[in-house]
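Asks: Sequence and predicted structure are below.
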Amino acid sequence: MQTFANWIALAETEAARLAVERVADCVCGRRPRRAINPLFLYGPAGSGKSHLVSALLTEITQRSPDLQAVLLAAGDFEALVLSDSGREEQKALRQADLLIIEDVQHLPARIEGIFVHRIDRGLARGQQLVFTALAGPAQLDHLSARVTSRLGSGLVVGLGALAPESRRVFLQECMNRRGLLVREEILAWLIKHLTGSARQLEGAVARLAELMRLHGPTISVEMLAEHFSVEAATSRPTVERIAQRVGCYFQVEPQQLQARSRTRGTLLPRQIGMYLARRLTDLSLQQIGAYFGGRDHSTVLHACRKVEKALAQDIRLSGAVRQLHADLT
């Protein structure tokens, strides 16, 4: 069971935890509900969003069992609100004291009107709303401004990628909970080579425990590297990983970044992909251009300079690029 008690405090996620705890106080009557409504949490998969909303549900259930809470995936919202047979579920949706809708990036644009109506009605009657997504409201480009403005009208909190020191804290705590005594060189190797999400790091500790059970506590770094060779390889920045991550962040298919088209929705993500590829890989300008649609080295250089100039002028873009850089390193 996910609770606030088993949440591992980290610098990149502490603001999100504090916000969710404030929501728990709001719902249970210790703070006015308008203090933080809606709450929008965003971050890459495995960063802890689902843990936090599950902990929120657990907290409210324990403190105020009479309150009603509903958790719903955005992809299921359409089927629920349009179903003739789901009247009881629709009633629960309307009457809930707390409504959580996860993965808003999957909300179909065709039901924007219904979704906006649900938000407006919920806020009007004091219903506490919580949303989660892979990206912030401004990056949900497939949704109109009338949706994203409402999603971002309360408190928006991002859960960032873990820095090396936070990876150390997280891994060490997971190991402590399992009673694992690990040598410093083993821990250091994991911190350096496993740069994924908290969920992936937790899974790595489980695999490490099994490895130590089979081979004893004095496993070598070489054995560890062989066992985690796939994860270590996928953690290194490559142009493919960069395109995948940039595409996910900007809601663009990676194949579109490799196309020759210069549509408005792909131009900036493609330029950011080129910029990150130049900074994070050993590829030449010509090789980067070849990957991103067969463009020449001068196009790549122009894209990098344009992004560098924009970073100094656009705070939101600068934050997005820093987030992507952290995710990939």
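Replies: Cool, the structure landed. Residues are numbered from 1 along each chain as shown.
Asks: can we go C-alpha only for contacts and neighbour counts from here?
Replies: Fine.
Asks: Mind checking what helix or strand follows the least confident helix or strand in the chain by mean pLDDT in sequence?
Replies: Least confident element among the helices and strands of the chain, by mean pLDDT, DSSP states H and E: helix 229-235 (a mean of 71). Later in the chain than helix 229-235, the nearest helix or strand by DSSP states H and E is helix 239-249.
Asks: could I get that following helix in PDB with only the CA atoms?
Replies: Provided in PDB are the C-alpha atoms of helix 239-249 (Å, rounded to 0.1, in the frame of the first residue of the first chain):
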ATOM      1  CA  VAL A 239      20.300  10.300 -30.800                       C
ATOM      2  CA  GLU A 240      17.500   7.700 -30.800                       C
ATOM      3  CA  ARG A 241      16.900   8.200 -27.000                       C
ATOM      4  CA  ILE A 242      17.000  11.900 -27.400                       C
ATOM      5  CA  ALA A 243      14.400  11.900 -30.200                       C
ATOM      6  CA  GLN A 244      12.200   9.500 -28.200                       C
ATOM      7  CA  ARG A 245      12.400  11.700 -25.000                       C
ATOM      8  CA  VAL A 246      11.900  15.000 -26.900                       C
ATOM      9  CA  GLY A 247       9.000  13.500 -28.800                       C
ATOM     10  CA  CYS A 248       7.300  12.300 -25.600                       C
ATOM     11  CA  TYR A 249       7.800  15.700 -23.900                       C
END
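Asks: Mind listing residues that contact the helix or strand containing residue 174?
Replies: Secondary structure assignment for residue 174, by DSSP H and E: helix 164-178. Applying Cα atoms under 8 Å, 6 or more residues apart in numbering, the external contacts of helix 164-178 come out as 8, 10-12, 181-182, 187-188, 191-192, 195, 198, 201-202, 205, 209.
Asks: Count the neighbours of residue 167 for me.
Replies: Residue 167 has 24 neighbours, counted by other Cα atoms under 10 Å.
Asks: Look up how far residue 202 lies from it.
Replies: 10 Å (Cα to Cα, to the nearest Å).
Asks: ok so residue 200 is a helix residue?
Replies: Yes. Counting by DSSP: H, G, I helix; E, B strand; the rest coil, residue 200 is part of a helix.
Asks: residue contacts, it?
Replies: residue 46.
Asks: and residue 130, that's in a strand?
Replies: Yes. According to three-state DSSP, residue 130 belongs to a strand.
Asks: tell me the domain ranges of the chain?
Replies: 14-158, 164-235, 239-328 (automatic domain parsing).
Asks: what would those domains look like in CSV with distance to residue 2?
Replies: Output for the domains of the chain, formatted as CSV (distance: least, Cα to Cα, whole Å):
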stretch, distance to residue 2
domain 14-158, 5
domain 164-235, 13
domain 239-328, 25
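Asks: Which one of the contacts of helix 164-178 sits in the busiest neighbourhood?
Replies: Going by other Cα under 10 Å, residue 195 tops those with 24 neighbours.
Asks: Hmm, residue 12 is touching residue 197, no?
Replies: No. Shown here, residue 12 and residue 197 do not form a contact pair, counting by Cα atoms under 8 Å, at 11.5 Å.
Asks: who touches both of the two?
Replies: With Cα under 8 Å, 6+ apart, residue 12 and residue 197 have common neighbours 161, 162.
Asks: picking that back up, out of the domains of the chain, flag the one nearest residue 1.
Replies: Across the domains of the chain, the minimum distance to residue 1, taken as Cα to Cα, is reached by domain 14-158, at 8.0 Å.
Asks: what's the first-to-last distance across the closest one?
Replies: 10 Å.
Asks: Tell me where the model's unsure across this structure.
Replies: The chain contains residues with pLDDT under 70 at 30-35, 83-86, 233-236, 262, 264, 329.
Asks: what are the ranges of the strands in it?
Replies: 39-42, 69-73, 98-102, 128-133, 155-158 (DSSP state E).
Asks: Let me know which of those is tucked in deepest.
Replies: Highest mean neighbour count of the strands of the chain: strand 39-42, a mean of 26 (counted as mean count of other Cα atoms under 10 Å).
Asks: neighbouring strands for it, and are they parallel or not?
Replies: Paired with strand 39-42 in the same sheet, following DSSP bridges, are strand 128-133 (parallel), strand 155-158 (parallel).
Asks: got these as JSON lines, with distance to residue 147 columns?
Replies: Output for the strands paired with strand 39-42, formatted as JSON lines (distance: least, Cα to Cα, whole Å):
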{"stretch": "strand 128-133", "distance to residue 147": "12"}
{"stretch": "strand 155-158", "distance to residue 147": "14"}
